[in-house]
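1. Kindly generate the corresponding structure for this input.
(2 chains)
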Amino acid sequence: MAAATATGTRWALWAAGLVALVLSIAVAITIGPADLSVRDVFGVVGQHLGLGDAGVSRIRDGIVWELRLPRTLLAAVCGAGLAICGAIMQSLLRNPLADPFVLGISSGASTGAVMVVILGVGGGIITLSTGAFIGAVVAFAMVLLLAAGAGGTPDRVVLAGVAATQLFSALTSFIVTSSADAEQTRGVLFWLLGSLSGAGWVDVVTCGAVCLVGLVVCITLAPALDAFAFGEDAASSLGISVRWVRLVLLVVTALITATLVSAAGAIGFVGLVLPHAARAVVGPGHRLLLPATALIGAIFLVWVDTVARTVFSPQELPVGVVTALVGVPAFAVILYRRRGPA
Amino acid sequence: MSLSTRDVTWSIGGRRIVDGVTLDVSPGTVVGLLGPNGSGKSSLLRLLAGTRAPSDGQVLLDGVDLARLRRRDVARRVAVVEQHAQTELDLVVSDVVRLGRIPHRSTWSPESDADRAAVAEALERVELTSMAGRSWHTLSGGERQRVHIARALAQQPQELLLDEPTNHLDVHHQLDLLGLVRRLRMTSVVALHDLNLAAMFCDRLVVLKDGAVVAAGTPSDVLTPTLIADVYRVRAVVTAEGPGGVPSVRFEPGAPRRGGGPGPS
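-> Now for the predicted structure:
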């Protein structure tokens, strides 16, 4: 009976979370110049899904459908994806400070991006985001090889990641300082700090699909992640194929992160901190933790991006700057309320 | 038959940590694994659990090579209690015990009645039912080890492997914990440092030195001054004054006087 009630409450919470996400997206879209209402937003979406004319002018339709909706959806997808990757990394590497960028992915992506933008690598055929993706994958491959060569234990993975991050950051700085003009530097810097301003439907679909597949794989492996609570030997004695699970999860998180970074830049903080917030809410069991992390991450980044594009409107702030400015005080509250033996 | 090894060897970085060990664990017995630090006790336990693959030789479970069994099937038969397993996660006692159900659950199925019953029974057997909701981080060392034993029991194994489970525990909790292992009446292999505890709680002892078995048998057969001098390089007096007539070991200062030991060199 108690179990049935708990299950009921749980479903109610999930439903509430999803409603909160949908409403957040709808309300966030209305914020900004053009004076839209939530009703307009749902009308435009309905119209594009073939549910009848919403009676919204073409300009406002364009603002919703071409600009703000893809941008807000991409924010939700990035928030969800980065937060999941952070949760996985923290569990897999047993390190509360691990985040999606611990494998050198963001710095690899930035090197790839500046090579395309500043050095003109690819001769105009390769876009900034493709360059970033390639850079991210190269960095990750390097980290994996280095870590495997050194024994493959979690601390070696972290150390290899630190080394790769340093190397690629140095390469990026080298390229920027030696070749870029002020305009290019500013553009690259903005992208490095994370920006959703260029979001289009292609980004939304690509990132959304990758994140969805990744989330399913990760939830499938949720029991295995639970088994890592007391370390790799303990996981192994619980019947987990440690090497296999670790490899699959590293590759999946790397691909999610690389895809997101190539679309929106290296948005920090989300992957590091939101998993901790989710743990405070639903506890450490991954079957609940991963979807909850995704939901919290999505809602968080939708609002943060709204702040980033509106507070100094028409000037935009890099979203990565706002995630930290908004997130750190929020996180301080969580830490403070959860203080206790650790 | 239960767990056995055939000439099993495990090397890492060119060093033989476990060197040609052959042993048979009879069902229902508690086997004590003795030997100084670095003698290969922990490594041998990992080979028995299948969490390390032997470089050479075989580990057999009911006569079947462990390497041919799925990890998950092994985890339903053999459970491990490590010496000092820690977590940074904010787990409560029942969360930890529930980990033992992982080998029994399929990926997408929710927790079953059988899972809940196994967790409840495991907590009952280690007398921690009343602490099921306590945070892991508020437990004492002895309580943590009991929780790990409960987690192992929740795996519903037939074999229990314990790696120095009494390390970091005071005398009371050492006796308490090994008494618990004894009362479980399971096939167990326990790595131990304390020779008197080994004599009190184990049916058979296996002594390792440099990765190889140097003695095996009942505590009275194995625990002799000569063997202790040889393996531990200490002088000891052994009497039959332990509880129930088991050997009692008393150490004496100074280098061992005799025996084939290498001495303190």
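2. Near chain A, which residues of the stretch 1-150 of chain B? Just list them.
-> B:46, B:49, B:51, B:70-76, B:78-80, B:82, B:85-91, B:95-96, B:99-100, B:102-103, B:105, B:107-108, B:135, B:137-138 (CB under 8 Å from any CB of the partner chain). Placement of C-beta: from N, CA and C, glycine included.
3. Residue of the stretch 151-300 of chain A closest to chain B, please.
-> With CB to the nearest CB as the measure, A:G239 is the residue of the stretch 151-300 of chain A nearest to chain B, at 3.1 Å.
4. How about that residue: what's its closest non-neighbour residue?
-> Sequence neighbours aside, B:A75 is the residue nearest to A:G239 in space, at 3.1 Å (criterion: CB to CB, 6 or more residues apart in numbering or on different chains).
5. my read: the one you found touches A:S237, true?
-> Yes: proximity of B:A75 to A:S237 meets the contact threshold set by CB atoms under 8 Å, at 6.4 Å.
6. hang on, the earlier thing: can you list the buried residues in the helix or strand containing the residue nearest to A:G239?
-> Following DSSP states H and E, one finds B:A75 within helix B:71-77. For helix B:71-77, the neighbour count (16 or more other CB atoms under 10 Å in any protein chain shown) marks B:R71, B:V74, B:A75, B:R76, B:R77 as buried.
7. for that helix, the distance to its chain's centre please.
-> 17 Å (CA atoms, centre = their mean, to the nearest Å).
8. From the contact counts, what lies against that helix?
-> For helix B:71-77, there is no helix or strand it packs on, judged by 3 or more CB pairs under 8 Å, 6 or more residues apart in numbering or on different chains; DSSP states H and E.
9. now the helices: where do they sit in the stretch 101-250 of chain A?
-> For the stretch 101-250 of chain A, the helices defined by DSSP state H, counting those that start in this stretch cover A:105-117, A:128-149, A:154-179, A:182-192, A:201-220, A:222-227, A:232-237, A:242-264.
10. Check whether the third one comes into contact with chain B.
-> Read it as helix A:154-179. No: contact between helix A:154-179 and chain B is absent, the nearest approach being 12.5 Å (criterion: CB under 8 Å from any CB).
11. How about the contacts made by residue 231?
-> Here I'm looking at chain A. Shown in contact with A:G231 (CB atoms under 8 Å, 6 or more residues apart in numbering or on different chains): A:R94, B:A85, B:Q86, B:T87.
12. other chain: chain B
-> B:L34, B:G35, B:P36, B:S39, B:V207, B:K209, B:V214, B:A215, B:G261.
13. Where does the stretch 151-265 of chain B get nearest to chain A, residue-wise?
-> Residue nearest to chain A within the stretch 151-265 of chain B (CB to the nearest CB): B:Q155, separated by 7.5 Å.
14. nearest spatial neighbour of A:R287, skipping sequence neighbours?
-> A:A222 (4.4 Å).
15. what about that neighbour, how many neighbours?
-> 19 (other CB atoms under 10 Å in any protein chain shown).
16. The one 5 residues further on now?
-> The criterion is other CB under 10 Å. On that basis, A:A227 has 27 neighbouring residues.
17. tell me which parts of the stretch 201-342 of chain A are close to chain B?
-> With CB under 8 Å from any CB as the criterion, the stretch 201-342 of chain A meets chain B at residues A:220, A:222-224, A:226-227, A:229-231, A:233-234, A:236-241, A:279, A:283-285, A:338, A:340-342.
18. Narrow these to those that are buried.
-> Listed as buried from those are A:222-224, A:226-227, A:229-231, A:233-234, A:236-240, A:279, A:283-285; burial here means 16+ other CB under 10 Å.
19. among the helices of the stretch 101-250 of chain A, which gets the worst mean confidence?
-> Among the helices of the stretch 101-250 of chain A, helix A:182-192 carries the lowest mean pLDDT, a mean of 79.
20. And the contacts of that helix?
-> Helix A:182-192 has contacts (CB under 8 Å, 6+ apart) with A:S110, A:A113, A:V114, A:V117, A:I118, A:L128, A:T172, A:V176, A:A180, A:G265, A:A266, A:P318.
21. From the chain's centre, how far out is that helix? Work that out for me.
-> Mean-position distance between helix A:182-192 and its chain equals 21 Å (CA atoms, centre = their mean).
22. Can I get that helix as CSV, trimmed to CA atoms?
-> The C-alpha coordinates for helix A:182-192 follow below in CSV (Å, rounded to 0.1, in the frame of the first residue of the first chain):
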residue,chain,number,x,y,z
ALA,A,182,40.1,41.7,-32.6
GLU,A,183,36.8,40.9,-34.2
GLN,A,184,37.6,37.2,-34.7
THR,A,185,38.9,37.0,-31.1
ARG,A,186,35.6,38.4,-29.8
GLY,A,187,33.5,36.0,-31.8
VAL,A,188,35.5,33.0,-30.8
LEU,A,189,35.5,34.1,-27.1
PHE,A,190,31.8,34.5,-27.2
TRP,A,191,31.4,31.0,-28.7
LEU,A,192,33.8,29.5,-26.2
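23. could you check the angle helix A:128-149 makes with that helix?
-> 60 degrees (axes from the mean of the first three to the mean of the last three CA atoms, to 10 degrees).
24. quick one: buried residues of helix A:182-192?
-> Neighbour counts using 16+ other CB under 10 Å place A:G187, A:V188, A:F190, A:W191, A:L192 of helix A:182-192 among the buried residues.
25. Would you mind giving these as TSV with distance to B:H173 added?
-> Formatted as TSV, the buried residues of helix A:182-192 follow (distance: CB to CB, whole Å):
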residue	distance to B:H173
A:G187	64
A:V188	60
A:F190	60
A:W191	58
A:L192	54
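26. Could you pick out the buried ones from the contacts of A:G231?
-> Using 16+ other CB under 10 Å as the burial test, the contacts of A:G231 include A:R94, B:A85, B:T87 as buried.
27. Contact partners for the residue of the stretch 1-150 of chain B found nearest chain A?
-> Closest approach between the stretch 1-150 of chain B and chain A, counting by CB to the nearest CB: B:A75, at 3.1 Å. By CB under 8 Å, 6+ apart, the contact set of B:A75 is A:S237, A:L238, A:G239, B:I102, B:P103, B:Q155.
28. What pLDDT is listed against it?
-> On pLDDT, B:A75 comes in at 95.
29. Now do it against A:H286, distance only.
-> Using CB to CB, to the nearest Å, we find B:A75 at a distance of 18 Å from A:H286.
30. measure the residue most central in space within chain A to A:T293 for me?
-> The centre of chain A sits closest to A:L82, judged by CA atoms, centre = their mean, with a distance of 2.3 Å. Relative to A:T293, A:L82 is positioned 10 Å away (CB to CB).
31. same question, A:H48
-> Per CB to CB, A:H48 is found 30 Å from A:T293.
32. before we move on, what about B:L33?
-> As judged by CB to CB, B:L33 and A:T293 stand 42 Å apart.
33. who's more crowded, these two?
-> Taking other CB under 10 Å, B:L33 and A:T293 do not tie; A:T293 has more neighbours (32 against 27).
34. Let me see the ranges of the strands in the stretch 1-150 of chain B.
-> Using DSSP state E, counting those that start in this stretch, the strands found in the stretch 1-150 of chain B span residues B:3-12, B:15-24, B:30-34, B:56-61, B:64-65, B:78-81.
35. Serialize those to CSV and add fields for mean pLDDT.
-> Listed next are those as CSV, based on pLDDT from 0 to 100:
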stretch, mean pLDDT
strand B:3-12, 95
strand B:15-24, 94
strand B:30-34, 97
strand B:56-61, 95
strand B:64-65, 95
strand B:78-81, 96
